[in-house]
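Visitor: coordinates only, sequence not included:
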């Protein structure tokens, strides 16, 4: 049949050629078929910290199978977390995607951006990119955890470009309360993202390098898909004062101190502030001692890397302060946030082993309380004043300026970057919402602003911002050497113990006869003073005796039933008698 058809075609060659010419003509002039539009390129972002909270900043950027992390910080626990030392992010999402993670970029060396790195590296060993001073501070932390030798640390500087999979990231210099802080211009096929990190616009910075607004503006001209901007000071109008104003205040205050010894409490990571204190101390012909391990580490790293200019023979060991007159001394100390274990707090409550304060001390608290720490700072100030010590703190004089941009600076950055979408980051809900209103005042619609929370996983394309899902996130508690082994049950027990105390009921039972050989004895801690409440303790003892006698079965030895009955009934009795609910701990032993 095929040969016949071919032959038939040959016999009609003229007709066939005519048809071929006709169809060829039609094909050339035929309109091209309409192809379906290609899907918009998109980039995904997961917030593992720093959203709807202060501290433990951590963000993951994703494009297809490539991911990288920005910052890995910690937060300090409040009164609602008794016994907890540190709070770090939940790394579950990182561990789950370890094969996609290309690296970790750190914007600057503050604890809320580097404090969780050592705990992350214990789970996943990924390359860390950071500037010179930040690397120096990270090394100190990794050394404490015996991780320095295995860590992959890469030193970078502003204007450097880092390629991590499909991402190319440029570092842009910004002003902050620590040197070597950078923002990030993140480029990928989906577009350009700007991550400011913590920043302010300081036209007269202590280190002499103003924020690189020009580079931010150049990206604004190219077209920025989304801006992720620091929200810490979004509630504050105007501009943040220059760090140099603090130096001028120190000159006046040191003069006012006269022949008194000067103690200055500041953030352990504020190297600019430490430099200014040393400079003014030199002018005043005073020696400088540093108190607090984190502060001592900062000074050591700052000197070694050239970020601190320390005149020869001005620094003395804290153990040698007794060899100098008060008028010749300045002590720089930690404790500006009123932390219970900090040097300043211990001094205020006369618990410090090396420094004893007197009315001849002049204390300057050169820091603003972090939200939630106001009460602790107030307690320290009150205790110092009770002892006749003059205390200068931020509300009284210009002894502290923020490292974060206020409203006019935030609007200026938005104005030069000109992003299509705006995402406020690094702040509590009130900061994020206020930042959103600032953006709206500049003409951004609500549809182009995303106010998120920790755990949000979003997708950004030219078409908009879309919430995808929630990734594992939250708080992991560090308690001593334990990481994550303190959960809600343990915390609830600690809170209960701190509020209503503890009752321990101890009894020894003969397994053969089922008789109580010893006890029940009742021990109270943090509940009532036993000697003044003998009747109450006797009622507990009588109830325990009755419950054990009625509940204990010598054949089955059902300890659990006896303990549950003791716990429930004694708790009920205590509430009826005292309107308090102490923790009841039954201890039953067999012989």
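Guide: Noted; the coordinates are in hand. Quick caveat, the model's predicted, so the values are computed rather than measured.

Visitor: which residues are in contact with residue 582?
Guide: 496, 500-503, 524, 526-527, 571, 574 (CB atoms under 8 Å, 6 or more residues apart in numbering). Placement of C-beta: from N, CA and C, glycine included.

Visitor: out of these, who's the most crowded?
Guide: Tallying neighbours with other CB atoms under 10 Å puts residue 503 at the head of the contacts of residue 582, with 25 neighbours.

Visitor: give me the longest helix you can find in this protein.
Guide: Counting residues, the longest helix in the chain under DSSP state H turns out to be helix 559-578.

Visitor: just how off-centre is that one within its chain?
Guide: 41 Å (CA atoms, centre = their mean, to the nearest Å).

Visitor: what residues of that helix count as buried?
Guide: 562-563, 565-567, 569-571, 573-574 (16 or more other CB atoms under 10 Å).

Visitor: by contact count, what packs against the next helix or strand after that helix?
Guide: Following helix 559-578 in sequence order, the next helix or strand is strand 583-590 (DSSP states H and E). Counting contacts by 3 or more CB pairs under 8 Å, 6 or more residues apart in numbering; DSSP states H and E, strand 583-590 packs against helix 488-500, strand 502-509, helix 559-578.

Visitor: for those, which one sits closest to residue 587?
Guide: strand 502-509 (4.6 Å; CB to CB).

Visitor: got the angle for that closest one vs helix 559-578?
Guide: Here the directions of strand 502-509 and helix 559-578 differ by 140 degrees (axes from the mean of the first three to the mean of the last three CA atoms, to 10 degrees).

Visitor: now do the strands in the stretch 301-450 of the chain.
Guide: Here the stretch 301-450 of the chain has its strands, by DSSP state E, counting those that start in this stretch, at 329-333, 361-366, 390-393, 419-425.

Visitor: coming back round to it: of all the buried residues of helix 559-578, which comes closest to residue 519?
Guide: Checking the buried residues of helix 559-578 one by one against residue 519 (CB to CB), the nearest turns out to be residue 566, at 11.7 Å.

Visitor: ok, for the closest one, nearest residue in space, not its chain neighbours?
Guide: residue 586 (4.3 Å; CB to CB, 6 or more residues apart in numbering).

Visitor: determine the set of other helices and strands touching the longest helix of the chain.
Guide: strand 502-509, helix 534-551, strand 583-590.

Visitor: what's the angle between that helix and helix 534-551?
Guide: Using the same axes, to 10 degrees: helix 559-578 against helix 534-551 is 150 degrees.

Visitor: can you list contacts of helix 559-578?
Guide: Residues contacting helix 559-578 (CB under 8 Å, 6+ apart): 503, 505, 527-528, 536, 539-540, 543-544, 547-548, 551-552, 580-582, 584, 586, 588.

Visitor: put the buried members of those into a PyMOL selection.
Guide: Buried residues among the contacts of helix 559-578 (16+ other CB under 10 Å), as a PyMOL selection:
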select buried, resi 503+505+527+528+536+539+540+543+544+547+548+552+582+584+586+588
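
Visitor: and residue 509, how far from residue 153?
Guide: 61 Å (CB to CB, to the nearest Å).

Visitor: the two: which is more packed in?
Guide: A count of neighbours by other CB under 10 Å puts residue 509 above the other of residue 509 and residue 153, at 23 against 15.

Visitor: the strands in the stretch 1-150 of the chain, which residues?
Guide: Under DSSP E, counting those that start in this stretch, the stretch 1-150 of the chain gives strands at 43-49, 58-63, 66-70, 86-89, 101-105, 128-130.

Visitor: what's the angle from the first one to strand 419-425?
Guide: Orientation note: strand 43-49 sits at an angle of 20 degrees relative to strand 419-425 (the same axes, to 10 degrees).

Visitor: who are the packing partners of strand 43-49?
Guide: strand 58-63, helix 92-96, strand 456-461.

Visitor: residue 265 belongs to a strand, doesn't it?
Guide: Yes. Applying DSSP: H, G, I helix; E, B strand; the rest coil, one finds residue 265 inside a strand.

Visitor: pretty sure it sits against residue 344.
Guide: Yes. Using CB atoms under 8 Å, residue 265 makes contact with residue 344 at a distance of 4.7 Å.

Visitor: what do these two both touch?
Guide: 333-336, 363, 365.

Visitor: pick out the most distant pair among those.
Guide: Longest span within the shared contacts of residue 265 and residue 344, CB to CB: 334 and 363, 13.3 Å.

Visitor: what sits in contact with each of those two?
Guide: Joint contacts of residue 334 and residue 363 (CB under 8 Å, 6+ apart) are 265, 344.

Visitor: higher neighbour count, the two?
Guide: residue 363 (26 against 23).

Visitor: for that one, list each beta-bridge partner.
Guide: Taking DSSP bridges as the rule, residue 363 bridges to residue 263, residue 391.

Visitor: how near is it to residue 345?
Guide: Taken as CB to CB, the span from residue 363 to residue 345 is 12 Å.

Visitor: what's the closest of the strands of the stretch 301-450 of the chain to residue 220?
Guide: Short answer: strand 419-425, nearest of these by CB to CB, at 8.0 Å.

Visitor: how about residue 100, phi and psi?
Guide: Phi and psi for residue 100, reported as degrees, to the nearest 10, are phi -100, psi -20.

Visitor: can you count the residues close to it?
Guide: By other CB under 10 Å, neighbour count at residue 100 equals 16.

Visitor: thought it was touching residue 67?
Guide: Yes. The pair residue 100 / residue 67 is scored as a contact, 4.5 Å apart, by CB under 8 Å.

Visitor: mutual contacts of those two, please.
Guide: In contact with both residue 100 and residue 67: no residue, using CB under 8 Å, 6+ apart.

Visitor: which strand residues bridge the nearest residue to residue 324 once chain neighbours are set aside?
Guide: Excluding its sequence neighbours, the residue lying closest to residue 324 (CB to CB, 6+ apart) is residue 287, at 5.8 Å. Under DSSP bridges, the beta-bridge partners of residue 287 are residue 329.

Visitor: quick check: residue 287 vs residue 389, distance?
Guide: 20 Å.

Visitor: could you do residue 588 as well?
Guide: 54 Å.

Visitor: for the top strand by length along the chain, packing partners?
Guide: If you go by DSSP state E, the chain has its longest strand at strand 516-525. If you count contacts as 3+ CB pairs under 8 Å, 6+ apart, strand 516-525 packs onto strand 502-509, helix 534-551.
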